[in-house]
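Asks: sequence? don't have it. structure:
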């Protein structure tokens, strides 16, 4: 099964930018739909963004659309989340997820350990 390792989290001021990375363990990376989720303290985990197997289709939560961009690099077997115009409400642990099913709204079978993003006001 694929293993996922997130990196790139940290502390940033409101209005700033961060790029999260999620490195996968398998060269069959192109067979996995990838997603990013986040969980703020005291809240349930929520969907942030997803990208299709080929990378030609993406979905975003309404709260991040226009500010966040998900992308993937098959050569580096890595998926990225570029986050711009960050707000304090973006503060959360961000998780990378993977699944073999191509349907964009399907769940995810594999999860990373998470990386903390803190946005100060």
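Replies: Arrived safely. Quick caveat: nothing in here was measured; it's all calculated off a predicted structure. Numbering: from 1, shown residues only.

Asks: Skipping adjacent residues, who's closest to the residue most central in space within the chain in space?
Replies: Residue closest to the mean C-alpha point of the chain, counted by CA atoms, centre = their mean, is residue 36 at 2.6 Å. Among residues not flanking residue 36 along the chain, residue 48 sits closest, at 4.3 Å (CB to CB, 6 or more residues apart in numbering). Glycine gets a C-beta too; all of them are placed from N, C-alpha and C.

Asks: distance of the one you found from residue 112?
Replies: Using CB to CB, to the nearest Å, we find residue 48 at a distance of 13 Å from residue 112.

Asks: quick one: which of the two has more around it?
Replies: residue 48 (24 against 21; other CB atoms under 10 Å).

Asks: I figured the more buried one was touching residue 40, is that so?
Replies: No - checked against CB atoms under 8 Å, the pair residue 48 and residue 40 is beyond contact range at 11.5 Å.

Asks: shared neighbours, those two?
Replies: Contact with both residue 48 and residue 40 is made by no residue, according to CB atoms under 8 Å, 6 or more residues apart in numbering.

Asks: and the nearest residue to residue 105 once chain neighbours are set aside, backbone torsions?
Replies: Spatially, and ignoring its direct neighbours in sequence, residue 105 is nearest to residue 59 (8.0 Å; CB to CB, 6+ apart). Main-chain dihedrals, residue 59, degrees, to the nearest 10: phi -130, psi 150.
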